[in-house]
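1. Could you look at this predicted model? Sequence included:
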Protein chains: 2
Amino acid sequence: MSKEIYENPDLKKERQNCPFNKEEITHLLDGGKEKTIERKQLENYILSDEQLKDAVPMEYLSHADKYAEELRKACLLMHKLADSPAGQVPTLRALMGAGLGSAVLKEGNPLALHYVMFIPALMGQGTIDQQAKWLEKAYNLNMIGTYAQTELGHGTFLRGLETRATYDPKTQEFILESPSLTAYKWWPGSLGKTANYAVVMAQLYTKGKCEGTHPFMVQLRDEETHEPLPGIVNMWLNPVCISSYIHYGTYVKPTNSKLSYATMVFVRVVVCQDVTTNLRKAVTIATRYSCVRRQSELKPGDREPQVMDYQAQQNKLLPPLAATFAFQLAADHLWNLYHTANNNIEQGDLELLPDLHGLSCALKALCSSEAANFVEVCRQSCGGHGYMSCSNFPRIYGQVTAAETYEGENTVLWLQVARYLVKTRKEQSGGLSVKYLIGEEKGPKTVDTTLEGIVKLYRRAAVGLVDVAIAELDKSGRKGEAPHDAWNHAAVYLIKAAQAHARLFVVESFVDSLKEGKLSAPVRTVLSQLCELFIIYWLLERSGDFFLCSNLTKQDLLLLNSKYVELLAAIRPQAVNLVDSFDLRDEVLNSPLGCWDGNVYQRLFDEAAKSPLNQSNVHESFHKYLKPLLKSNL
Amino acid sequence: MSKEIYENPDLKKERQNCPFNKEEITHLLDGGKEKTIERKQLENYILSDEQLKDAVPMEYLSHADKYAEELRKACLLMHKLADSPAGQVPTLRALMGAGLGSAVLKEGNPLALHYVMFIPALMGQGTIDQQAKWLEKAYNLNMIGTYAQTELGHGTFLRGLETRATYDPKTQEFILESPSLTAYKWWPGSLGKTANYAVVMAQLYTKGKCEGTHPFMVQLRDEETHEPLPGIVNMWLNPVCISSYIHYGTYVKPTNSKLSYATMVFVRVVVCQDVTTNLRKAVTIATRYSCVRRQSELKPGDREPQVMDYQAQQNKLLPPLAATFAFQLAADHLWNLYHTANNNIEQGDLELLPDLHGLSCALKALCSSEAANFVEVCRQSCGGHGYMSCSNFPRIYGQVTAAETYEGENTVLWLQVARYLVKTRKEQSGGLSVKYLIGEEKGPKTVDTTLEGIVKLYRRAAVGLVDVAIAELDKSGRKGEAPHDAWNHAAVYLIKAAQAHARLFVVESFVDSLKEGKLSAPVRTVLSQLCELFIIYWLLERSGDFFLCSNLTKQDLLLLNSKYVELLAAIRPQAVNLVDSFDLRDEVLNSPLGCWDGNVYQRLFDEAAKSPLNQSNVHESFHKYLKPLLKSNL
């Protein structure tokens, strides 16, 4: 007889009579049944390796031990690449991301920048000769590179970088140097201890004239000894890196600036997918825990109910659950646009680029900020247990909130999006994604609270908030302010307008995907409920914008309020089945609160038992510090 | 010649021509000039002790080393108590809190619960005999206690606790036991490794009958060897504690349940003050850094401007700056009410208690959740550097967000507040703080956007949202739902109503304090600007509530929008002077980004140099893992 697998009875009940096929949703999210099979094969291959497991949870180790342990596993993973059942490129992608990769390298992959930035920089910006020289070496990991742009005193603003590359016509070499403390390269991952090469962004000086920022290949460390090369002062701390150098570099010639633009778009789509994966993890952990946890009293005298049965808890968890679908479908939509645009670019047609750039900025800023907020709500919904390191919420949050800053700081992105919106609205001309800003389509006199009606409201709000921002710009203009001052003094409005634009894109993508997607009736039903819940939720969160920009009445709002709470109740019974459909393995969730079997308390207990402090009854510090205090009769 | 003290030139400029006396604000926040002097003396006394400084920053240590190091400093602090210039009780308070205490014990004071929970439990709940037996011992630190209520499977709901205390009439002792895994005491700080006694909450069983939860004194460890006593299984992990015991306890008889109610109110006021102190730290760090950091471009061709000159940055930082005053003044107001109520209680008059309880729940939930959000905004406003451990934002955030769960989980508190509001509104009778819910005062037909006018709008919103919740309750009632179901199905509305009530209290406290306070004209001017900024900010954040519940028009909203951005510009020049007025020492801020001298980049560099990984050029892991990989020709 086989050993029976434990399943928490409350979760078992949640899973009974699921009205839809969970695998259909899994395949939808993975991008097809074949992709699901491939993913599962790869997960089995990687996660069955005992050497990739942590003997002691990372959070108990010192910083230096954490680094060594993560490096050990990262190197081992690379050795496993050759035999990967999914092939090298898909495996690499899976190992860098918030899914499988995070199950092994919980603090992030120390070799990530080699693949995500260094190799793409060589491919996108190197000459054929340079690629011949370095690409194979990089692919074979005979060199480990990183991409060094951000400096201690300089981030977003490329033109502000201080690192200099001075051309010496005699030697035909470039001398790279950090002229000041604020010029130290800071932040590039792996720079401090791991990488031995870097693509370094620097101001190019020839004949005493600055020619702007350009990329240079710089060797940082000896390939044999790993000692820093002369002139390179190098310090590492997670994830911060400092490097001061006076060194010779090789100029990496940008081949096509439009192409590197496309790369930026690509990276932002990946960021959206990654934060969505992280949000799925948070929602899964919180939802399962909320169905296992019993707390307080609903009906006087009854057993403590599942926390999930409180409307207040549904209000916390079902909007982020719906958001995981909204964000994924919007990212898929953008991904398709990216491929169309990329094909066009290769044929010399750059028309879609501004549109694509605007959407990728908007979606990256929106997904990262909303996902961060939602992850926090999920964590808080688990009370004290969500606060524990082992819940994995702190780490998930750390990764999602980092995405608010990297690859374009969100506020900077919002203002870039706003510039495109204002230009379109004023000039009455722009790409596909901003067509709704052209013309004077007034919203309907009375509001219709069907799905289509609500989407119209989002469009009204997006148009209206651009108009409010333009009115503010015009007001400053009439006061005689210079355009750049007027722009700054309208920033609060401009950001709001950009956010409304991004929300509209997400809402339209969600509604359109359901309309166009091939879905079984039961899956369509539950996804439609999630869609309606989500777009009403967002509207209620910012109802003031809708009052301001449309004919929304108090009665309409109360009606939407009622619909919202009805949808909470309607979706509640499927919450566990929906997160099950994400098909996230326990190793990926990495949280005793969220495991499939719901054996929460035993797993928490086991996790605590792993603490090195719990290996003895009396810690040595008792004798050193505590006993003298207890005996001192203060 | 004395060595000149460095001051960043941008900060120096910010500090020139300050129109108000910074010390006046410092005294206001400290509670008088004498308190400021006392605080500074104590800070000098504690922070000049070299032994209380960290040789290596905490974040680089392993978990066990962190525990030992924090315990070392905590014990040393206790030895210093006797000679403290401020006296023992004020010193203890300062050492437990988010101010001075956090400068030494960055991960929290391991002896905090001894003073904050254990001793108060003895004082509030012990008999005279018990106090004679234990209090002196506890004061002299001959015993170290904690308070063990929360269990692995049980938190908020006291009646759900599983720990049992069974009276044995033969021995006249109580046998305490954890009957299951979920009954393990979990979370009580110090329980695992530090405390040797605990006040344990347990279900009392006599003659086979459960008499509800009562406190018991339990010895956990041998006073000499610190070994756990027989039957006590004890594990420690920060801040989680587990204890399973079958042990004999002494019943601690509650003397006055109303008094313990008052203690709960007191603790919640302290929580409000603590999260406000933490918010002040975050705002100070972010504001100073934003005036030192130069980034991007405002006027084409100009030098990179101070980040603080962007309206978008002012929009992030000035509302939390204003909030520190709003929360502090509201907490002061509640503190005064507490003292009045406490005097009345001692004279047998309990009338103020429900009011006080409601306000303390509301203010604790509001301050902790808003402060957590604001701290995050401050952190994000510092870009990548705000993400670093050494910025101190992660720790500040961790401490503030914990307050959303402990001492009453916020959602639970909101629903308690709502119950009081609904009762008052329905019965048209209630305490002073809810008097505005009595009667049918309709808001004015047209909105007046003066300070008084806006306060009226807050009152309208608070009344209106209670009415919306009651309408929902009535609707469910008409559908035949039982009252507890109807209550649950209105939770979303009830929470909103409770939040509006809490906001009204904060807003009124702020306006009234300025009206009544003795302030110089320049201080009054700047605080009035902050007050107006803050109450408009909150209104704009939730303008939908005001559209729904008052006669606010689109034009009114646009007018308030304009006022808001004008106030941002008006307060901007005083931002640094205002945070200087908080008078937070660099050791308390504990962040290279926020130091008084603004020497941000040098301090960041110095901080990085402290990393143990940066003590060598090549980490040993290179030879073990990286070199074999580099040479393997994958």
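-> Happy to help now that I have it.

2. Next up, the contacts around A:Pro354.
-> Listed by C-beta atoms under 8 Å, 6 or more residues apart in numbering or on different chains, the contact set of A:Pro354 reads A:Tyr420, A:Gly430, A:Gly431. For the C-beta atoms, the positions are set from N, CA and C on the backbone; glycine is no exception.

3. Next one: it from B:Glu14, what distance?
-> The spacing between A:Pro354 and B:Glu14, counted by C-beta to C-beta, to the nearest Å, is 39 Å.

4. Could you do A:Ala490 as well?
-> Counting by C-beta to C-beta, the gap from A:Ala490 to B:Glu14 is 25 Å.

5. now do A:Thr156
-> A:Thr156 sits at a distance of 23 Å from B:Glu14 (criterion: C-beta to C-beta).

6. Close to chain B: what parts of the stretch 401-550 of chain A are there?
-> Selection of the stretch 401-550 of chain A residues close to chain B by C-beta under 8 Å from any C-beta of the partner chain yields A:401-402, A:404-406, A:409-412, A:415, A:468, A:472, A:482, A:484-485, A:488-493, A:495, A:540, A:542-548.

7. The same query, at a cut-off of 6 Å, please.
-> Proximity of the stretch 401-550 of chain A to chain B is confined to A:404-405, A:409, A:411, A:484, A:488-489, A:491-492, A:543-544, A:547-548 under the rule C-beta under 6 Å from any C-beta of the partner chain.

8. What about those residues, which are in helices?
-> A:Thr411, A:His484, A:Asn488, A:His489, A:Ala491, A:Val492, A:Ser543, A:Gly544, A:Phe547, A:Leu548 (DSSP state H).

9. Show the pLDDT at A:Ser257.
-> Per-residue confidence (pLDDT) for A:Ser257: 62.

10. hang on, the earlier thing: so which of the contacts of A:Pro354 comes closest to chain B?
-> Here the nearest of these to chain B, counting by C-beta to the nearest C-beta, is A:Tyr420; it sits at 16.9 Å.

11. Quick one: residues contacting the closest residue to A:Tyr564 other than its chain neighbours.
-> Spatially, and ignoring its direct neighbours in sequence, A:Tyr564 is nearest to A:Ile536 (4.8 Å; C-beta to C-beta, 6 or more residues apart in numbering or on different chains). Contacts for A:Ile536 (C-beta atoms under 6 Å, 6 or more residues apart in numbering or on different chains) come out as A:Leu560, A:Lys563, A:Tyr564.

12. Which one (most neighbours) among those residues?
-> Across these, neighbour numbers were computed from other C-beta atoms under 10 Å in any protein chain shown; A:Leu560 holds the maximum, 21 neighbours.

13. which residue sits closest to that one, ignoring its sequence neighbours?
-> The shortest distance from A:Leu560 to any non-neighbouring residue, by C-beta to C-beta, 6+ apart, is to A:Ile536 (5.3 Å).

14. cool, A:Ala183 as well?
-> Closest residue in space to A:Ala183, ignoring its immediate chain neighbours: A:Glu162 at 3.5 Å, by C-beta to C-beta, 6+ apart.

15. burial of A:Asp349, as a residue count?
-> With other C-beta under 10 Å as criterion, A:Asp349 counts 11.

16. just checking, it is part of a helix?
-> No. Counting by DSSP: H, G, I helix; E, B strand; the rest coil, A:Asp349 falls outside a helix, being coil.

17. what about it, distance to A:Asn342?
-> For A:Asp349, the distance to A:Asn342 - C-beta to C-beta - is 11 Å.

18. And A:Arg293, by the same measure?
-> In terms of C-beta to C-beta, A:Arg293 sits 47 Å off from A:Asn342.

19. Could you say which helix or strand holds the spatially most central residue of chain A?
-> Nearest to the mean C-alpha position of chain A, by C-alpha atoms, centre = their mean, lies A:Val275 at 2.8 Å. Under the criterion of DSSP states H and E, A:Val275 resides in helix A:257-292.

20. Quick one: name whatever helix or strand follows that helix.
-> Counting by DSSP H and E, the next helix or strand C-terminal to helix A:257-292 is helix A:311-346.

21. quick one, that following helix and helix A:257-292 angle?
-> Relative orientation of helix A:311-346 and helix A:257-292, computed by axes from the mean of the first three to the mean of the last three C-alpha atoms, to 10 degrees: 160 degrees.

22. tell me which residues in helix A:311-346 are buried?
-> Buried residues in helix A:311-346, counted by 16 or more other C-beta atoms under 10 Å in any protein chain shown: A:311-335, A:337-338, A:341-342, A:345.
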